[in-house]
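Novice: Have a look; sequence and predicted model below, questions after that.
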Amino acid sequence: MAEGELRCCGSSLFLKNRYGAGYNLTLVKDDAACDIKRLTAFIALYVPAAQLLSNVGSEIAFQLPQASSPQFAAMFTEMDNSLAKLGLLSYGISATTLEEVFIKVAEADDENHQHTLGQRYRSATGDADSASSVVLQRTGLFLSHLRALMLKRFHHAKREKKMLIYTTFYPILLLLAGLSILKNSSTTSDDPNLALNADAYSTDSSNPTPYYCHADNEWCSDVMTTYFSGADAQALSIAEPTFDSSSPTVFDVVYTDPEVNVSDATGYGLRVGQEVYNRGYGADGSASVDGQYGAYLVYGDSDQQVLSYNLFVNTTATHAPVIFKALMDQAIYRFFASNASDSTASSIDLKVNNHPLPLTASAKALFGSILAFSACVFVCISFTYFPLTIVVYLVKEKEASHNSKHQQLVSGVSLGAFWLSNYLWDLILFVVPCVAALILIKAFDISALTGNSDCTGCTSETFPAVIVLFILFGFAICPFTYCMSFMFKEAAASQTLTMKINFILGVVLMIVSYVLDVVDSTKSVNSVLVFFWRLSPLFNLGNGLLSLVLHEIDTLRDGTTTKTSPFSTDLMGFELLYLALTTFLFSAVVLGIDYGMTFPSVKSMMAGPDSVEDEKLVIDVDVAKEAQRVASGGADSDAVKIMGLRKVYKGGKVAVRDLSFGLKRGECFGFLGINGAGKTTTMKMLTGDETPSHGTATLGGFDILTQQIEVRRQIGYCPQFDALFELMTVREHLELFAAIKGVARGDLNAVATEKIHQLNLADFENKLAGSLSGGNKRKLSVAIALIASPPIIFLDEPSTGMDPVSRRFMWDVIADISTRGKESTIVLTTHSMEESEAL
């Protein structure tokens with residue numbers, strides 16, 4: 001297939017015969033004596049249609065058409081006789097391979113992509129000439145790096161909207177929700193005037209008002225049926241002679257004396273209560289009503305002009321006593337008014353209202369301060385989300401499968417520029433939730449934090465102190481989170497664990513400290529522990545706000561009028577001091593840890609001794625000879641000099657055994673080996689990613705252990721796994737690393753364009769690296785390594801994942817750098833013998 005279409009189909013023999021290009025003649029040159037023009041003329045004498053295929057290192061290859069095979073015998077005979085004159089050491093010929101068939105078919109419709117070194121050489125030469133004209137900056141690199149890294153964070157932020165939401169909008173939304181809940185609380189508001197009437201309860205027949213008339217039934221019935229305006233009044237029927245002592249009462253009492261006085265109000269009261277209970281909750285199936293909120297035992301005496309009653313209420317109905325008393329009193333007033341022939345009897349209304357006294361100013365302030373305590377908790381909870389995007393980004397950059405951080409450091413970024421760029425960008429992000437939180441605190445008028453007129457113990461410095469607290473929290477939380485990032489190896493796990501840790505160190509510690517401080521027996525313990533807990537920026541934020549709230553509560557409780565400055569150590573002075581100090585403390589810890597993890601000279605001091613003894617191996621004569629040359633100083637002027645380099649991992653695994661060799665300037669060195677042979681480990685040691693267990697190396701005359709900063713200015717590095725940023729485009733990558741290498745701002749676009757055309761990435765220059773194919777990712781990684789033509793170039797399996805066309809194109813690019821000018825020393829690791837031969 002090519003360009004999404006099926007171009008040909010058949011057996012391997014058919015494809016070779018149909019699309020075969022003939023034979024490949026490969027010659028090994030004696031560089032000092034070989035004249036390319038003379039050699040080309042000699043081949044053309046016998047095979048006029050011969051085409052120069054490649055001229056890489058000490059090898060030159062020609063493509064010979066199949067029809068010219070009759071002339072091969074004469075040509076080879078003459079070549080054998082003239083090897084020395086032609087400047088050749090040996091030669092060989094091979095037939096067309098299926099890979100060459102693939103290349104020919106894939107490129108048949110695109111003359112601009114024909115795979116000949118001559119075409120590539122001419123275009124690459126022009127590119128290289130333009131690259132060599134770019135002057136690299138040697139001063140002001142720190143600011144240049146800082147600007148480039150800040151731009152890198154900007155590109156990520158504008159495309160990683162999810163993490164931006166975690167950083168800015170989550171804290172704001174959580175705080176807004178929490179403060180809204182507190183604002184809607186009725187704790188600090190005066191209770192309204194409540195009218196108590198029958199409308200409070202249902203008035204249908206399933207919720208009746210039972211009554212029993214004791215004595216004068218006429219008066220009683222008249223009052224309840226004519227003048228009572230509550231729920232459906234229903235008369236009870238109670239047997240008068242005796243009281244059944246075997247039935248349980250609502251009070252769970254069984255009376256031993258079955259005779260009860262008929263006129264005894266207490267006895268009838270028990271009977272009414274029992275009957276009402278049975279109507280609502282009878283166990284014998286007699287329950288017939290849904291709810292009863294009030295009942296009456298009414299006593300009327302027309303002779304004495306007396307009408308009295310006993311009131312029964314359901315105690316689960318809070319206002320039932322007042323409402324049902326008012327209803328009966330109203331009915332009685334109407335009854336007597338009617339007997340007096342008053343025409344307004346039916347319009348008599350008895351109104352009852354419950355209007356609690358308003359809260360005093362001190363009570364309101366006290367309740368407001370209690371709500372402010374909850375506001376402090378919400379503030380602390382909301383800002384546990386802010387560190388998430390910080391730690392995820394940092395951990396992702398140093399993940400083993402990505403390790404773009406190492407790529408930046410190898411390219412020349414200093415640790416100071418790396419961390420300062422992250423710090424400045426994170427502070428910029430912090431401005432949004434910080435300002436929003438302060439606006440919300442002011443908008444919701446939390447008096448203990450804003451210092452308004454309702455706050456008794458506040459001063460004019462209260463809100464400014466809160467602003468300073470938030471600012472210092474932002475300064476401290478960033479380096480604190482940077483320290484936490486060293487705990488994690490995977491970005492996915494770091495997000496959840498960071499939130500949990502911050503919740504514990506912030507919210508939980510604040511509440512625990514408060515509880516310990518309230519309990520007298522633990523108050524002294526808390527006064528000591530709090531100095532350790534203040535190492536947590538989130539604890540300082542929450543505890544600082546809480547100290548203002550508690551001070552206001554104490555002021556109202558004790559009735560004092562003394563005002564204390566919020567900057568004093570009695571309030572949040574210690575929190576402000578700790579935030580300022582921990583900003584510098586954690587920053588120093590971050591730089592110290594990273595310095596120890598990055599620079600081989602420090603890592604080698606912390607590494608254990610190499611106690612593994614190697615099994616005795618038979619050493620090749622050439623290997624021993626090269627090791628002797630290096631040991632005797634013969635390689636001191638070489639661009640790359642490796643002296644007894646050795647790496648032993650934990651568990652005794654020996655990855656590299658006493659490696660020694662030297663490479664001259666402009667030499668292209670192929671590092672062949674099976675998986676696990678130690679090729680990549682050697683690359684990692686040379687670039688500072690791993691520390692040698694023994695031995696050392698010099699690159700451009702600088703020691704990889706003690707002069708790592710100078711070493712990094714000498715090398716370009718293409719790692720085995722693409723160290724690319726998924727959310728940056730191809731051009732943005734190249735401009736970033738060009739700036740890191742010291743290319744002036746005015747030349748960044750030209751340098752990036754040059755590499756895009758040199759590596760054939762023009763169609764993808766504005767695509768995100770995460771969307772590129774594996775082959776194009778490798779091209780981009782190689783382009784990054786080649787930026788600014790570094791003296792030493794390390795390419796770790798650069799053609800992995802590429803199709804044959806792209807792979808040979810990559811060989812041409814590398815070959816051009818290796819052969820033209822011989823300015824850069826190239827160290828190439830590969831599994832392919834063909835690739836090593838080609839380069």
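Specialist: Perfect, I can see it now. As the structure is a computational prediction, the values presented were derived from the model and not from experiment. Numbering: from 1, shown residues only.
Novice: When you work out contacts or count neighbours from here on, use the C-alpha atoms and nothing else.
Specialist: OK.
Novice: Ramachandran angles for the most far-flung residue of the chain relative to its centre?
Specialist: Using CA atoms, centre = their mean, the residue of the chain lying farthest from its centre is residue 303. It sits 89.0 Å away. Here is the backbone geometry of residue 303 (degrees, to the nearest 10): phi -70, psi -40.
Novice: Could you list every helix and strand that the helix or strand harbouring residue 279 packs against?
Specialist: For residue 279, the enclosing helix or strand under DSSP states H and E is helix 265-281. With contacts defined as 3 or more CA pairs under 8 Å, 6 or more residues apart in numbering; DSSP states H and E, helix 265-281 has these neighbours: strand 209-215, strand 294-301.
Novice: Which elements pack onto the helix ranked longest in the chain?
Specialist: Assignment by DSSP state H gives helix 415-443 as the longest helix of the chain. When contacts are defined as 3+ CA pairs under 8 Å, 6+ apart, helix 415-443 sits against helix 141-159, helix 170-183, helix 447-450, helix 462-485, helix 573-598.
Novice: Report the buried residues of the first one.
Specialist: By that I understand helix 141-159. Within helix 141-159, the residues that count as buried by 16 or more other CA atoms under 10 Å are 141-142, 144-153, 155-157.
Novice: Would you mind pulling the contact partners of that helix?
Specialist: Outside helix 141-159, the residues that touch it by CA atoms under 8 Å, 6 or more residues apart in numbering are 163-164, 413-414, 417-418, 420-422, 425, 727-728, 736, 739-740, 742.
Novice: in the stretch 701-839 of the chain, which spans are strands?
Specialist: Along the stretch 701-839 of the chain, counting by DSSP state E, counting those that start in this stretch, strands occupy 702-703, 715-718, 792-796, 825-830.
Novice: Tell me how this structure divides into domains.
Specialist: Domain assignment for the chain by automatic domain parsing gives 12-132, 162-185+360-598, 195-354, 663-690+702-838.
Novice: is it true that residue 383 touches residue 171?
Specialist: Yes. Between residue 383 and residue 171 a contact is recorded at 5.5 Å, counting by CA atoms under 8 Å.
Novice: what touches both of those two?
Specialist: With the criterion set as CA under 8 Å, 6+ apart, the contacts of residue 383 and residue 171 do not overlap.
Novice: Looking at the two, which one has more neighbours?
Specialist: residue 383 (30 against 26; other CA atoms under 10 Å).
Novice: ok, back up a step: buried by neighbour count: which residues of the helix holding residue 279 qualify?
Specialist: Neighbour-count burial for helix 265-281 [16+ other CA under 10 Å]: 265, 267-269, 271-281.
Novice: For residue 481, find the nearest of the strands of the stretch 701-839 of the chain.
Specialist: strand 715-718 (29.6 Å; CA to CA).
Novice: distance of the residue farthest from the centre of the chain from residue 790?
Specialist: Applying CA to CA, to the nearest Å, the value for residue 303 to residue 790 is 123 Å.
Novice: now do residue 728
Specialist: Separation of residue 728 from residue 790 (CA to CA): 23 Å.
Novice: same thing with residue 322?
Specialist: Distance from residue 322 to residue 790, by CA to CA: 94 Å.
Novice: quick one, which of the two is more surrounded?
Specialist: For residue 322 versus residue 790, the count of surrounding residues by other CA under 10 Å is larger for residue 790: 21 against 15.
Novice: averaged over its residues, what pLDDT does stretch 778-793 have?
Specialist: For stretch 778-793, mean pLDDT is 90.
Novice: sorry, that was for stretch 678-685
Specialist: 88.
Novice: just stretch 455-464 next, same as before
Specialist: The pLDDT scores in stretch 455-464 average 84.
Novice: rewinding a little: quick one: pLDDT of the residue farthest from the centre of the chain?
Specialist: You'll see residue 303 listed with a pLDDT of 76.
Novice: Next, the contact list for it, please.
Specialist: Residues counted as contacts of residue 303 (CA under 8 Å, 6+ apart): none.
Novice: That one and residue 357, how far apart?
Specialist: Taken as CA to CA, the span from residue 303 to residue 357 is 44 Å.
Novice: Ok, residue 292 next?
Specialist: Taking CA to CA, one finds residue 292 at 31 Å from residue 357.
Novice: So which of those two has more stuff around it?
Specialist: The residue with more neighbours, out of residue 292 and residue 357, is residue 292; 22 against 10, by other CA under 10 Å.
Novice: Is that one located within a helix, as I assumed?
Specialist: No. Counting by DSSP: H, G, I helix; E, B strand; the rest coil, residue 292 falls outside a helix, being coil.
Novice: The closest residue to it other than its chain neighbours: neighbour count?
Specialist: With sequence-adjacent residues excluded and distances taken as CA to CA, 6 or more residues apart in numbering, residue 292 is closest to residue 207, at 5.5 Å. Residues lying near residue 207 (other CA under 10 Å) number 20.
Novice: so where is the stretch 551-700 of the chain shaky, pLDDT-wise?
Specialist: Within the stretch 551-700 of the chain, the segments meeting pLDDT under 70 span 603-615.
Novice: now the strands: where do they sit in it?
Specialist: With DSSP E, counting those that start in this stretch, the ranges of strands along the stretch 551-700 of the chain come out as 640-648, 654-663, 668-672, 694-699.
Novice: Kindly reformat these as JSON lines containing distance to residue 463 and mean neighbour count.
Specialist: Shown next, in JSON lines, are the strands of the stretch 551-700 of the chain (distance: least, CA to CA, whole Å; neighbours: other CA atoms under 10 Å):
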{"stretch": "strand 640-648", "distance to residue 463": "59", "mean neighbour count": "22"}
{"stretch": "strand 654-663", "distance to residue 463": "61", "mean neighbour count": "19"}
{"stretch": "strand 668-672", "distance to residue 463": "66", "mean neighbour count": "20"}
{"stretch": "strand 694-699", "distance to residue 463": "58", "mean neighbour count": "21"}
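Novice: looking at these, which is closest to residue 780?
Specialist: strand 668-672 (20.4 Å).
Novice: if we can go back for a sec, with only the CA atoms kept, save the helix holding residue 279 in PDB.
Specialist: Extracted C-alpha coordinates of helix 265-281, given in PDB (Å, rounded to 0.1, in the frame of the first residue of the first chain):
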ATOM      1  CA  ALA A 265     -62.600  14.500  85.500                       C
ATOM      2  CA  THR A 266     -59.300  12.600  85.900                       C
ATOM      3  CA  GLY A 267     -61.100   9.400  85.200                       C
ATOM      4  CA  TYR A 268     -62.800  10.800  82.200                       C
ATOM      5  CA  GLY A 269     -59.600  12.300  81.000                       C
ATOM      6  CA  LEU A 270     -58.000   8.900  81.000                       C
ATOM      7  CA  ARG A 271     -60.900   7.600  79.100                       C
ATOM      8  CA  VAL A 272     -60.800  10.300  76.500                       C
ATOM      9  CA  GLY A 273     -57.000   9.800  76.100                       C
ATOM     10  CA  GLN A 274     -57.500   6.100  75.700                       C
ATOM     11  CA  GLU A 275     -60.300   6.500  73.100                       C
ATOM     12  CA  VAL A 276     -58.200   9.000  71.100                       C
ATOM     13  CA  TYR A 277     -55.300   6.600  71.200                       C
ATOM     14  CA  ASN A 278     -57.400   3.700  69.900                       C
ATOM     15  CA  ARG A 279     -58.800   5.800  67.100                       C
ATOM     16  CA  GLY A 280     -55.400   6.600  65.800                       C
ATOM     17  CA  TYR A 281     -53.200   3.600  66.800                       C
END
